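[1] Below: sequence and its predicted model.
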Amino acid sequence: MSLILFPLARAHDSQWPPPGKDVVAFVGIVFLEKMGLAPANKGINLKSHYGSATNSTSLLRFTILFGRVNSTSPKQTAKRMNERHDDKPPPEFAHLFLPSDEKPFVGLVSEYLRKNGHGLRQISAETYIQRCREFWCECELDEVFCFKILVDTLVQENEPKKKHPWSGMEVVKDTPVCNDDLFCVAIGMVDEKGDFIDAPPGYDSSPKNPRSKRGVVVGRKSDVLAEEPNKAHPESYLVAMLDVLGFERKLKEIGLDAMQQLYDKLITVAVTPHVEENLWTPTLASHGSNLFSPALFRLPVRHAYFSDTLLFWVAYRPAFVAPFLERCCGVFCEALRLGLPLRGSVVAGRCVLHKKTSTYLGDALVEAAWLEKAQEWVGVTLGVSVRTIQFPFLMSQEPMIILGDPPLKEPLQEEPDKYRKLVSGLVLDWPRYWRGTQTDTPRRRLEELRIAEFQKYDNAIRFAEHSAQHADWFQTPSPQPPVFKG
C-alpha cells in the first residue's frame, strides 16, 4: 500500500505562485481505505515525498466543517471540539437526543438539522439522528486518530456555490473513496515525512472495525518555536491591540460581579478559541512546479489582556499575515456578538513581547495605542507600519481586509495630520467574517448596542454596508477598486 494524495488544485501557469508569494486555502482531509492503489496519473505518490506507507487515499474537501482546524496537539483536539461546537440542538429537536450523546455529536448533527439534512433525504429528524448516531458509534478512535467528524455531503452540496477563488488554477477531480452521502470519519495527523504524529512504537493505523473510516491531515513545520523562550528578546511581529468600547460605562451599569462574568466569557468564547497558542492553520503544500495539496501549519499566536485591552501578536512571516488577520476578525465578531464592541489596530514592527516576564516594549505598541485611540468607530484599522511588510499572495476565498480609511477624531489645529499619518489605507473586513459565521446581520447587532456614542456605531454600520456591497472586490481587478471613506 502507498499513500496517495490527490492535489487540491493545479496551476495553469508553471510559475504560479509568483516567486516569494505565499498561498492560503481551505484545508482538505485525506480518507484512508483498503482499496488498492489509485491510478498513478490521478495523484501524487507521497511515499516518495514523505517516506511513509499506509493505505490508499483520496482527497475530500471540507469547506463547511473543516475550513478551520484549531488544536495545539492532536490529542487535545477532542477537547477543542467539545468547546467549539454549539451543543444546544434546535428546540424542536432537543428531545430526540440522548443524555449519553457526546457534545461534538450533538453540535454537528444540530448544525445539519438546521440545514435540513433530514428534509433533503425526506426522512424524519428522529430517523436522521439515529442514522448519524449509528455512524458515530461505529467510528473508532485511538491515540492518533483522536477525534471524529460527521459528514453530510447532501448538506454540503446544497450550500450556496461560491465563485472559484483561485485565479489561473483548476481543481483536480478524483473519484471519491466513500460514495455514501452520510458517514463519520476519524481524523489523525501526519508530519511532512508522512509519519503519524504522537504514534507509539509499532503503531498500526488499521481500525479494528472494517466499517470505520479514517482520514489524515498533513502538518507542516514552522521555523518559529512552538513554545515561548524563557528569555525575552526583540523580534519582528504582527501586533493587534483591541479595546472594549464603553468599558467604564458598562461596569457602572451592571456592576463588578456581572462585568467579571461577561469579561470571563469574552476571554473563553471570543479570545481563547481564536488566538490560543500554536493553532493549526490551513495552507497549501507544493508538489512539483504546479501541483498543490492541502496542509496545516501551527500559527504561534500569543495573547495577553489588561483591563479593557486585548493584545495579540505573532512572529512576522509572510504566510502568517492572512490567518492572523482572520483570527483577529474571529475575536472581533465573537466579542460583538457577546455585546462587547471592540475598536483596535493591527501594526507591524520590531519589539519585545514576552508573556513569561510580562515584558512589552517597542514602537509598534506605541503606534498601535495611538491608532486605536484615534478612530471614531467600532472597527479595526491596519497601521501605516504594515506598508513595510510583505503581504501574502491571498489565495483564501475571502480576504479579511478591504481598502479604506477609518473615521478619525478631529486633530488639533497645530497638528492637522496627526491621525491621518497613522493609517495604511487598509482596514479589517470583519463584516465579511461576520456574514460567514453569524445568522443575523452586523447592522442589527450594532443597532442593538447603539445606546451611546452613536456616531461610532453609525460609522460601523456604514462600513458593514460598504463591505456587503463590495463583497467581490478582490475577484475582479479594477484600476479604481472600491475604497471606504471614513
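    Good, I have the coordinates.

[2] Which other helices and strands does the strand ranked longest in the chain contact?
    What stands out as the longest strand in the chain, according to DSSP state E, is strand 342-354. Taking 3 or more C-beta pairs under 8 Å, 6 or more residues apart in numbering; DSSP states H and E as the contact definition, the neighbouring helices and strands of strand 342-354 are strand 235-244, strand 309-315, helix 321-337, strand 359-361, helix 363-374, strand 380-383. To be clear about C-beta, it is placed using only N, CA and C from the backbone, and glycine gets the same treatment.

[3] what number of residues lie near the nearest residue to S467 once chain neighbours are set aside?
    Of all residues not flanking S467 in the chain, P431 sits nearest, at 3.9 Å (C-beta to C-beta, 6 or more residues apart in numbering). Counted by other C-beta atoms under 10 Å, the residues lying close to P431 total 27.

[4] my read: P431 touches L446, true?
    No - under the criterion of C-beta atoms under 8 Å, P431 is not in contact with L446, lying 10.0 Å apart.

[5] which regions of the stretch 201-350 of the chain sit below the pLDDT cut-off?
    Across the stretch 201-350 of the chain, the stretches falling below the confidence threshold (pLDDT under 70) are 277-278, 284-294.

[6] quick one: which of the helices and strands packed on strand 342-354 is nearest Q438?
    For Q438, the closest of the helices and strands packed on strand 342-354 is helix 321-337, at 6.5 Å, according to C-beta to C-beta.

[7] all strands for the stretch 151-300 of the chain, in order.
    169-171, 182-190, 213-220, 235-244, 279-287, 291-299 (DSSP state E, counting those that start in this stretch).

[8] For P99, find the nearest of these.
    Ranking the strands of the stretch 151-300 of the chain by their distance to P99 (criterion: C-beta to C-beta) puts strand 182-190 first, at 20.3 Å.

[9] ok so, going back, is it possible to get JSON lines of the strands of the stretch 151-300 of the chain that adds distance to P341?
    Output for the strands of the stretch 151-300 of the chain, formatted as JSON lines (distance: least, C-beta to C-beta, whole Å):
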{"stretch": "strand 169-171", "distance to P341": "38"}
{"stretch": "strand 182-190", "distance to P341": "36"}
{"stretch": "strand 213-220", "distance to P341": "35"}
{"stretch": "strand 235-244", "distance to P341": "7"}
{"stretch": "strand 279-287", "distance to P341": "24"}
{"stretch": "strand 291-299", "distance to P341": "25"}
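
[10] right, and those - which one's nearest Y305?
    Counting by C-beta to C-beta, Y305 lies closest to strand 235-244 out of those; the figure is 9.3 Å.

[11] Output the helices and strands packed on strand 342-354 as JSON lines; include the columns distance to P89 and mean neighbour count.
    Conversion of the helices and strands packed on strand 342-354 to JSON lines gives the following (distance: least, C-beta to C-beta, whole Å; neighbours: other C-beta atoms under 10 Å):
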{"stretch": "strand 235-244", "distance to P89": "32", "mean neighbour count": "22"}
{"stretch": "strand 309-315", "distance to P89": "32", "mean neighbour count": "22"}
{"stretch": "helix 321-337", "distance to P89": "20", "mean neighbour count": "24"}
{"stretch": "strand 359-361", "distance to P89": "43", "mean neighbour count": "14"}
{"stretch": "helix 363-374", "distance to P89": "40", "mean neighbour count": "19"}
{"stretch": "strand 380-383", "distance to P89": "34", "mean neighbour count": "26"}
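
[12] Can I get those in TSV including distance to K409?
    As requested, these are arranged in TSV below (distance: least, C-beta to C-beta, whole Å):
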stretch	distance to K409
strand 235-244	14
strand 309-315	18
helix 321-337	20
strand 359-361	25
helix 363-374	6
strand 380-383	13
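
[13] mind checking which of these is nearest S205?
    Across the helices and strands packed on strand 342-354 (criterion: C-beta to C-beta), the nearest stretch is helix 321-337, sitting at 29.0 Å.

[14] Domain ranges for this protein, per the record?
    The record assigns the chain these domain ranges, following automatic domain parsing: 4-220, 235-485.

[15] Buried deepest among the ones you listed, which one?
    Burial among the domains of the chain, expressed as mean neighbours by mean count of other C-beta atoms under 10 Å, is greatest for domain 235-485, which shows a mean of 18.

[16] end to end, how far does that one reach?
    Taking C-alpha to C-alpha, to the nearest Å, the span from the opening residue of domain 235-485 to its closing residue is 34 Å.

[17] and that domain, how far out from the chain's middle?
    Centroid separation for domain 235-485 versus its chain: 14 Å, with C-alpha atoms, centre = their mean, to the nearest Å.

[18] I'd like to know which of the helices and strands packed on strand 342-354 is closest to I149.
    Each of these has some distance to I149 by C-beta to C-beta; the shortest is helix 321-337, at 20.0 Å.

[19] quick one, the closest one and strand 235-244 angle?
    Following axes from the mean of the first three to the mean of the last three C-alpha atoms, to 10 degrees, one obtains 20 degrees for the angle between helix 321-337 and strand 235-244.

[20] Restricting to C-alpha, output helix 321-337 in CSV.
    Provided in CSV are the C-alpha atoms of helix 321-337 (Å, rounded to 0.1, in the frame of the first residue of the first chain):
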residue,chain,number,x,y,z
VAL,A,321,-0.4,37.6,7.8
ALA,A,322,-3.7,36.3,6.3
PRO,A,323,-4.5,33.7,9.1
PHE,A,324,-3.6,36.2,11.8
LEU,A,325,-6.0,38.8,10.3
GLU,A,326,-8.7,36.2,10.1
ARG,A,327,-8.2,35.3,13.8
CYS,A,328,-8.5,39.0,14.6
CYS,A,329,-11.8,39.0,12.8
GLY,A,330,-13.0,36.0,14.8
VAL,A,331,-12.2,37.7,18.1
PHE,A,332,-13.9,40.9,16.9
CYS,A,333,-17.1,39.2,15.8
GLU,A,334,-17.4,37.0,18.8
ALA,A,335,-17.0,39.9,21.1
LEU,A,336,-19.6,41.9,19.2
ARG,A,337,-22.0,39.0,19.4
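
[21] how much does it deviate in direction from strand 309-315?
    Taking the same axes, to 10 degrees, helix 321-337 and strand 309-315 form an angle of 160 degrees between their directions.

[22] wait, isn't D405 in contact with F484?
    Yes - using C-beta under 8 Å, D405 and F484 qualify as a contacting pair, with a distance of 7.1 Å.

[23] which residues are common contacts for the two?
    Each of V427 lies in contact with both D405 and F484 under the rule C-beta atoms under 8 Å, 6 or more residues apart in numbering.

[24] what residues are up against L340?
    With contact set as C-beta under 8 Å, 6+ apart, L340 has these partners: V244, K250, L262, L266, A270.

[25] and what of D180?
    Applying C-beta under 8 Å, 6+ apart, one finds that D180 lies in contact with T153.

[26] Quickly note the distance from it to P210.
    15 Å (C-beta to C-beta, to the nearest Å).

[27] now swap in Q455 and tell me
    In this view, Q455 and P210 are 64 Å apart by C-beta to C-beta.

[28] Please consider this matter closed, and thank you.
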